[in-house]
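*Asks:* Sharing a model that was predicted from the sequence below.
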Amino acid sequence: MKLELRGITKRFGAVLANDHLDITIPPGTIHAIVGENGAGKSTAMRIAYGFYTADSGEILVNDQARDIRAPRDAIALGIGMVHQHFMLVRPMTVTENIVLGAEPGSAMSLDLRKAAAGIRALSEEFRLAVDPDAVVEDLSVGQQQRVELLKALYRRAGLLILDEPTAVLTPQEVDEFFAILRRMRGQGKTVIIITHKLSEVLAISDNVTVMRDGRVVGQVKTSETDAAALARLMVGRDVLLRVDKPAAQPGATVLAVRDVTITARDGARRLDKVSFEVRAGEIVGVAGVEGNGQTELIEALAGLLPGSQVSGSMSLGGRDIRELDARRRREAGIAHVPEDRHRRGLLLDFSLWENAILGVHYRAPAVSGVGGVLLDQAAIQRRADLVIREFDVRPPNASLPARALSGGNQQKLIIGREFELPPALLLISQPTRGVDIGAIEFIHRKIVALRDSGCAVLLVSAELEEVTALADRLLVLHNGRVAGEVDPSRATHEEIGLLMTGGRA
Amino acid sequence: MKVLRDLLFPSMAVLCAFLAGALIVALVGDSPVETYRLLLGSAFSWPDGIGYTLFFATPLIFTGLAVAVALRGGLLNIGAEGQLYVAAFATAWIGITFANLPAVVLVPLCCVAAIAAGAAWGAIPGLLKARFGSHEVINTIMLNFVAVALVGYLTQYHYRMPGDPIMETTPIGSGAHIPRLGAFIPGLPARIPLNIAFLLALLSCWLVYVLLWKTKWGYEIRATGQNPAAAEYGGVSIRKEVVLTMAISGALAGMVGINEVLGYRYRYYDGFSDNYGFTGIAVALLGRNHPFGVVVAALLFAVLQRGGVPVDAFTQLVSKDIVLILQALVILFVAAEAAFRRGGRG
Amino acid sequence: MRSILTLSLVFSTIRLSTPLVWAAIGGLYSERSGVINIALEGLMLAGAFTAAAVTFYTRSPWAGVGAAMIAAAFFALLLAVVCIRFKANEVVAGTGINMLFLGLPAVLSGALFLSSGSTPQIPQDELLPTLSRLLPIAPQWRVLTDVSIVSFLALFVVGLTSYVLYRTPFGLRLRAVGENPEAADAAGIRVNRVRYAGVVLSGVLAGVGGAYLSIGQSSLFTRNMTAGRGYIALAALIFGKWRPVQTMLACVLFGFADALTIQMQGVVKLPSGEDVPVQFIQMIPYIVTIVVLAGFIGHSRAPGALGVPYDKES
């Protein structure tokens, strides 16, 4: 199935997400669309799937112009999409999820048995093993992805759009995934994969479309290009693919974690007897596919989990921090850049200066006067301006609401806020998720600089390239346990991948 | 530009509500023009029109502030009605029990009673939410019913004047009376119940403004209302904020008791509230949860309430319940226009 | 004590639970689709008033119920438009609808009947019948079927809802839309259309519950005659974990508490021998609701997208 986008333009308020895009996807190929965060790749494909409607331009399927206004139109044409954040109804079974919208049986009665049989057949044909009666909530991320693929295949998709499909996979799972894609191509299906991982693009795709700032800046055959060329197209200039990092000079132990176990409300152990140390002046990285306990580890260290869920010992500079709440931990010198900046890190409708004091708003210099109750507007403004200046937050207007900033600038604001404490220990999670390349380089440099000023840094990242580039020591988490520790400058991605799936290095 | 929006949208909501209300009046068979003339016309005469309008505005400012503060903290306080009843009774109780104290002690004591009782009754749903997670909307409504029953019981069985057929308590001591504004303003007769509680209401507006935007406590309340996960990350105890916000909200609602008991009837009169608690919701929403907006919205609704009396008396079919309908329509239109505020996100 | 636990208590429970069941099951359709429905109170009032007024004019309770369903559906549609199309805060909008019915019935009854809020009395034989009147039953058994047809149908509605929710495509889609509307949209489902259906259905059912109050249990409409039942129904829905049978059981529990307190009046005495003041009896259903909510909300899992308007382009 051939897909063509002609002159597609889409605006969201003030942002021009897609600017007269012309993309041609030849049939029966695996086609990669690359670009950095915010380039407009997801938007373009969501238009093709009918999630959004383009302001102008047309979509041609097999050389015929088609009106795609909603996902059901795309589905009817044989287009399927697997989104970056899975579109699954968690409490429902695999079967119910797959047949949703195309239910077998009649309007009066749902025939789930017939559906399950059909799913088993498909599952065998494409070697995507799933249990049709399992509840989606209980499945692993890799299994959930298989359900998503089956959803599209069940609707007889001839064209599959996959948005950042390998973000949640270990290196080994990525290989298996690519085998599935090749099988689909062998069956005559067209596959579009949206990604920012150049190594994968080179490994699997036949053709590449490069996007930048909402425009197509290149369409090339994969065999005729390389990573550097693609990166140059993506960013518009030569890009340093590795961060320049002097050797670490670690000092005394700052954070000591011993046998920490985190038990969730349902009794499951999210973290199981984890022990490690972080010294001043070093970056300890935590790698691992999301969902293996990293989120819980950081939240527990920041004081955001109820004490009843956490056991084991945690000490900062020799002092037990278990009894301290989030506020006291920050006072003790623990800074936290959260993995979900919209949920945890920012008050989106508040101004930048109000966001700049989040966490220190209750004490001097943010407050002054009688009893330390009144906010000191001048001091707060000074603090905000300092953060904006030092951390290149744009636009540099402290009275704007945080919502008005791009992802990268929001992240820089949060980082500035936390780095200015200044901290003895920095907890930082997914530091460059959804951030453009210019900001990524800036943030990486700032983290290293903070390390060199004597801070201890615990860095969690699902981006293997980032965490191996930045960390001085690397821990790998699997199923809530430390599967192993490696030297990031020497370990290969395969070794790390093996640890991430629970194997031994 | 934002100020324009803040003025434009509520005005449009009011206009739409009035149009829909006119439709209903016409449907019922009366003249919309005549009805609105009566509704809006009687508020501006001196001294009765303005005097009574400002008097009616006083409880609405208090309940409007109460709901506004709660909404800023992310909570919907539908219990202002119950809170003000409990507070009014508490005030009367102090005024009756300690009737022999001198005014300089008794008046502040009664005021404190109103504030404390309202705060306590408001804190209950706050505690329930903080501890158990149960939604404050249902709990506050349930507590409204409980409050009315409780206060009714106390009045009927313990504090009624023997032989008095009306459900009201014995009078409070004269030391608890607060002066009417007629004592200070020439041309304003003392029979008009507008009293210094009105000035207290205005003062409360200013205090709420300072609290919410100039203090760290207000920052924490607003942050919790905006994004509890981020507030928690910033070291704020969400549970504490929920209870604190509901207590402050209840305290503000409770101040209605000061106006009613100390400044008007000088006793607790069962059922005195003309839906002040619910109107407070409309006032807060129309005033966009800002103290200064609350004053303007409260005045508007006071005008309507003042107009309800002649509407009842002089129209054939429409009763003063049309005011309740207009309030409800305002709420619906204000809620709907929230959609336009969210435009322009990238 | 024994004088309380009689057959009349059972019938009393059935009578008092009936409006709760209709309203709560109505609320289930709305909330399962992701739209919070605080307006059950107002919708019940809409149904109660319309039923009383229409039955008075047409002398047919069936016309009254039909009209009640339509009226309540209309206001539910209004709520749906405000919440779905305009993405209003659902709790605020629902409160607005409830407040509308503090005043609207009074204005309408003032115009129609020149009264201050009540409708005129309806003669006994024009009210909703009990089973004993509808079916040919021998006189000695008649007492056992002294149950309103509406109560009987309530059981049927619960069963039907169970089936619809879990065994039909509509129910699957409804649940999906309430848990993860984006996923449903991605699967090709018209999310908002499903939500409109859910909210309007809640109006239809709550309207029947209200109609039962005015022309089934009583014989006229009085101001605010629901007295908080719409909120109690919502509490029952939460307590019943948004599942049909469990919600019905929760309603029965609340109905039982209500029935018990009514029986207690005049029977249970204070140690001094005096009657318990009526106000304390009145308080009990509301306190029970508070206690139940506090005890059980932590274990309840709401539909995932409850209260979040679906906005694709955000």
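*Replies:* Noted; the coordinates are in hand.
*Asks:* ok, whichever residue of chain A sits closest to chain B - contacts?
*Replies:* Residue nearest to chain B within chain A: A:R327 (3.1 Å; Cβ to the nearest Cβ). Every C-beta, even on glycine, is put in place using the N, C-alpha and C of the backbone. Neighbour list for A:R327: A:G303, A:G359, A:Y362, B:G235, B:V236 [criterion: Cβ atoms under 8 Å, 6 or more residues apart in numbering or on different chains].
*Asks:* Backbone torsions only: list them for it.
*Replies:* Taking degrees, to the nearest 10, you get phi -70, psi -50 for the backbone angles of A:R327.
*Asks:* Then B:R160?
*Replies:* Dihedral angles (degrees, to the nearest 10) for B:R160: phi -80, psi 150.
*Asks:* Leaving aside the residues adjacent along the chain, what's closest to it?
*Replies:* Nearest residue to B:R160, sequence neighbours excluded (Cβ to Cβ, 6 or more residues apart in numbering or on different chains): B:T169, at 6.5 Å.
*Asks:* Might one say that that neighbour is in contact with B:Y268?
*Replies:* Yes: B:T169 is in contact with B:Y268 according to Cβ atoms under 8 Å; the separation is 4.4 Å.
*Asks:* more crowded one of those two?
*Replies:* Neighbours around B:T169 and B:Y268, counted as other Cβ atoms under 10 Å in any protein chain shown, are more numerous at B:Y268. The numbers are 28 against 25.
*Asks:* and the more buried one, what does it touch?
*Replies:* Counting by Cβ under 8 Å, 6+ apart, B:Y268 has contacts B:A88, B:F89, B:T91, B:A92, B:W93, B:V151, B:T155, B:Y159, B:E168, B:T169, B:V261.
*Asks:* Check what pLDDT it gets.
*Replies:* Note for B:Y268: predicted pLDDT of 92.
*Asks:* Checking the most centrally placed residue in chain A next. Helix, strand or coil?
*Replies:* By Cα atoms, centre = their mean, chain A has its centre lying nearest to A:R433, at 5.1 Å. Secondary structure, DSSP: H, G, I helix; E, B strand; the rest coil: A:R433 is coil.
*Asks:* so it sits right up against A:E339, yeah?
*Replies:* Yes: the pair A:R433 / A:E339 is scored as a contact, 7.2 Å apart, by Cβ under 8 Å.
*Asks:* ok, which stretches of the stretch 1-150 of chain C are helices?
*Replies:* C:7-32, C:40-58, C:61-80, C:90-113, C:131-134, C:139-142, C:149-167 (DSSP state H, counting those that start in this stretch).
*Asks:* Report pLDDT for the residue nearest to C:L249 when sequence neighbours are not counted.
*Replies:* Of all residues not flanking C:L249 in the chain, C:G240 sits nearest, at 6.6 Å (Cβ to Cβ, 6+ apart). C:G240 is assigned 90 on the pLDDT scale.
*Asks:* repeat for C:I4
*Replies:* C:I4 is given a pLDDT of 51.
*Asks:* near chain A, anything from the helix or strand where B:A247 lies?
*Replies:* Assessed by DSSP states H and E, B:A247 sits inside helix B:238-254. No: contact of helix B:238-254 with chain A (Cβ under 8 Å from any Cβ of the partner chain) is absent, the minimum separation being 10.9 Å.
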